[in-house]
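Colleague: pasted the sequence and its predicted model underneath.
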Amino acid sequence: MPFSPFTFLQPSDFTGRFELHTGMYDQQKLIDYIDRYEQRYLIELFGAKMYDEFMNDYFPPLFAFWSPNFQFMFDPFHLDSNIGGNHLISIGIRDMLKGFIYWEYMKDTINQMTPIGNVIPQNQNSRVNSTIYSSMWSRYNESIKTFRAIQSYLILNKPIPDGQVTTNGIQFTIGSLYYSMQYQTINFNSIKYDSATAFTIQNAGTGYTTQQNVLCNPSGFGVVVDIVDDGNGGVQSITIVDGGENLILNNTLTIPVGNGDCVIEVIAIDNIIDVNPNGSGMVVDVTAYGIGGVNATTLLTGGTGYVDGTAIATIGGTGSQLECDVVTDGNGAVVSVTMSGTCGSGFTIGDVITIDAGNQDATFSVDTLWNGEIQSISFASDVDGGHGYSSGDTLVIDGGDQHAIITCGYVGKGSGSNWNGRDKQMAYWI
């Protein structure tokens, strides 16, 4: 994700508790303070390497971060901590930065540069407030509390590696079947496309002995087998070690040991699913069309007494929980029927369905059915995007026919192992 320089704060943000004078001549001055100090305090918070990750992870059009961990740290949070039995309370990075910049700005306005040197303005009508009572110190200390809460969170999460998968960084291929129509939590696995699960020996060949882990030709398929000889130099049996990828039925391969003339033929293929060896912990919520849900229909009778409507119940057929949207001709007859979000389940092609409204005399027939195809995926509400995944990882959602394919286009950052910030103490001025 390319990074363009920007700041999180604008002069208009300094209102309420952080209010500063931002008139015609002060606006540019405040912009200069934001430009100077926002980056510095963030680098001190995260360290140089993690600061670069943090800034590159931000997506300005959405005002959000790609990585769940960075988004968590950016927003206000509160957690119990086992570090000294304390609570971690953060007002969020934006308010933290406001407090620091407010302090830097107010600290410098106490002094003003004039042609005769640096002076302290004298007010004739009011007593000048001592710095011990100045609000700039309370704002600074509030920011320090958030600064230290974020750093403590990073220390607590230091063992967690990078590689969080993000919902806006995945590519989802729809077309899978037999998934549940209800929301459910699903684990991610890795997948190998069109892998051989069975071979037949076309030619036993000559000059072979029992061997293990033999890479077959063409080697580009990646098929690896163990072979057992028949005692006469031919191959008696093979055991698949790795079924390879991108094969089709009736592909022939040779086993390049012995005299290289043993020929095997692919007689079965499948997508082989294995637990991903690197990433873990990611789950998603899945919603799918019902198995036997109604897809396309043909209107049989328009009926009488109907009005336009959505999510209208139906009766009849072999299934249940089917709702539809109807459009009428204005005189009570239905002229078109489409399925609502609830397409039901358990129906059969040819079922005749009655629309349960009007005079209950409008009917349609079922032409095609859904079979558990996934409609959408989203992150489960109580988990993050896992850890340890890499861009380009190909995963399949478990369940159904296990053909719901996901590719990780972007994996997030925010691991505490990359933190190298500096400590900052509370300020006490007397």
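Modeller: Happy to help now that I have it. Keep in mind the model is a prediction, meaning the values are calculated, not measured. Numbering: from 1, shown residues only.
Colleague: please count neighbours and contacts with C-alpha atoms only from this point.
Modeller: Fine.
Colleague: go through this structure and flag its longest strand.
Modeller: Longest strand in the chain, counting residues (DSSP state E): strand 185-203.
Colleague: can you map out the helices along this structure?
Modeller: Along the chain, the stretches classed as helices by DSSP state H are 27-46, 48-57, 68-74, 93-109, 135-156.
Colleague: for the second one, what does the pLDDT average out to?
Modeller: Spelled out, that is helix 48-57. Across helix 48-57, the average pLDDT comes to 92.
Colleague: how about it, which residues are buried there?
Modeller: Residues 48, 50-51, 53-57 are the ones in helix 48-57 that count as buried (16 or more other Cα atoms under 10 Å).
Colleague: can I get those in JSON lines with distance to Gly350?
Modeller: JSON lines is the format used below for these (distance: Cα to Cα, whole Å):
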{"residue": "Ala48", "distance to Gly350": "66"}
{"residue": "Met50", "distance to Gly350": "61"}
{"residue": "Tyr51", "distance to Gly350": "62"}
{"residue": "Glu53", "distance to Gly350": "57"}
{"residue": "Phe54", "distance to Gly350": "57"}
{"residue": "Met55", "distance to Gly350": "57"}
{"residue": "Asn56", "distance to Gly350": "55"}
{"residue": "Asp57", "distance to Gly350": "52"}
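Colleague: tell me which of the helices of the chain lies nearest to Asn420.
Modeller: Closest to Asn420 of these is helix 27-46 (Cα to Cα; 6.0 Å).
Colleague: can you give me the buried ones in the closest one?
Modeller: 30, 34-35, 37-39, 41-46.
Colleague: from the contact counts, what lies against that helix?
Modeller: helix 93-109, helix 135-156 (3 or more Cα pairs under 8 Å, 6 or more residues apart in numbering; DSSP states H and E).
Colleague: of those, which is nearest Cys324?
Modeller: Nearest of these (Cα to Cα): helix 93-109, 47.1 Å.
Colleague: on that earlier part again, format the helices of the chain as a markdown table; extra columns: distance to Gly316.
Modeller: As requested, the helices of the chain are exported to a markdown table (distance: least, Cα to Cα, whole Å):
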| stretch | distance to Gly316 |
| --- | --- |
| helix 27-46 | 63 |
| helix 48-57 | 53 |
| helix 68-74 | 47 |
| helix 93-109 | 58 |
| helix 135-156 | 57 |
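Colleague: between those, which gets nearest to His87?
Modeller: Using Cα to Cα, the helices of the chain put helix 135-156 closest to His87, at 8.3 Å.
Colleague: what's the angle between the closest one and helix 27-46?
Modeller: Using axes from the mean of the first three to the mean of the last three Cα atoms, to 10 degrees, the direction of helix 135-156 lies 30 degrees away from that of helix 27-46.
Colleague: what's the spacing between helix 135-156 and its chain's center?
Modeller: 29 Å (Cα atoms, centre = their mean, to the nearest Å).
Colleague: please apply the same query to stretch 375-394.
Modeller: 5 Å.
Colleague: check contacts around Asp57.
Modeller: Shown here is Asp57, whose contacts under the criterion Cα atoms under 8 Å, 6 or more residues apart in numbering are 1, 65-67, 70, 412-413.
Colleague: pull out the buried members of these.
Modeller: Counted by 16+ other Cα under 10 Å, the contacts of Asp57 give 65-67, 70, 412-413 as buried.
Colleague: got any ranges where the stretch 51-200 of the chain has weak pLDDT?
Modeller: Along the stretch 51-200 of the chain, the parts satisfying pLDDT under 70 run over 82-85, 110-134, 159-161, 166-175, 181-188.
Colleague: please apply the same query to the stretch 301-430 of the chain.
Modeller: Using pLDDT under 70, the stretch 301-430 of the chain drops low at 380-385, 428-430.
Colleague: what about 50?
Modeller: For the stretch 301-430 of the chain, applying pLDDT under 50 flags the ranges 430.
Colleague: among the helices of the chain, which comes closest to Asn189?
Modeller: The nearest among the helices of the chain, by Cα to Cα, is helix 68-74 at 20.5 Å.
Colleague: list the contacts of that closest one.
Modeller: Here helix 68-74 has contacts from 54, 57, 64-65, 92-94, 150, 164, 166, 384-385, 412-415, using Cα under 8 Å, 6+ apart.
Colleague: circling back: would you reformat the helices and strands packed on helix 27-46 as TSV and include mean neighbour count and distance to Asp351?
Modeller: Listed next are the helices and strands packed on helix 27-46 as TSV, based on neighbours: other Cα atoms under 10 Å; distance: least, Cα to Cα, whole Å:
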stretch	mean neighbour count	distance to Asp351
helix 93-109	20	59
helix 135-156	20	58
